[in-house]
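J.: based on what follows, work out the 3D shape:
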Amino acid sequence: KDRGVPIDGVGMQMHYGKPNDPFTMSELKTNLKRLTDLGLEVVFSEMDVHRCSGMTEAEQVTMYHDLVAACVNEPLCRALTFWGITDKYSWLNSYSPLGCTGSTKALGDLWDDNFKKKPAYTGVLSALLGS
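T.: Down below sits the predicted model:
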């Protein structure tokens with residue numbers, strides 16, 4: 001922006017969990033503010049929060065809620081997209097280094113193999129509704 005580069009926005013991939021580097025909610029909010037203070041629109045893309053590394057279901061619900069709330073609470077955060085719909089087709093099903101293969105209960109989508117809403121869905125919905 002200082003050099004006149006024509007940039008209007010930034011997409012932030014939100015794959016949470018290994019092999020991605022971990023971040024705290026404070027770090028995310030600081031970075032989000034840094035970008036929006038420049039007048040940039042931000043989108044959270046490819047969002048998924050898997051539990052393959054030992055995260056509990058309750059922690060997954062909280063992380064989804066807090067990620068979505070961070071975007072909802074920032075006027076220049078314009079959109080959220082999720083990486084997949086159902087665990088049945090998750091990219092983690094074929095990514096064996098994490099140990100999730102065959103254990104779809106630990107995967108990061110909002111619907112399970114049978115297209116039933118998972119508790120993580122409720123965390124997202126709660127954040128979208130402002131609670």
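J.: name the SS class of the spatially most central residue of the chain, please.
T.: For the chain, residue 47 is the residue whose C-alpha lies nearest the centre (CA atoms, centre = their mean; 3.3 Å). At residue 47, secondary structure determined by DSSP: H, G, I helix; E, B strand; the rest coil is strand.
J.: how confident was the prediction at it?
T.: For residue 47, the pLDDT comes out at 93.
J.: and the gap between it and residue 121?
T.: Separation of residue 47 from residue 121 (CB to CB, to the nearest Å): 13 Å. Placement of C-beta: from N, CA and C, glycine included.
J.: how many neighbours does residue 30 have?
T.: The local packing of residue 30 (other CB atoms under 10 Å) involves 12 other residues.
J.: now the one 4 residues further on
T.: Applying other CB under 10 Å, we find 10 residues neighbouring residue 34.
J.: list the buried residues of stretch 87-106.
T.: By 16 or more other CB atoms under 10 Å, the buried positions in stretch 87-106 come out as 87, 90, 91, 92, 93, 98, 100, 104, 106.
J.: what about it, start to end distance?
T.: With CA to CA, to the nearest Å applied, stretch 87-106 spans 9 Å between its terminal residues.
J.: kind regards, and thank you for your time.
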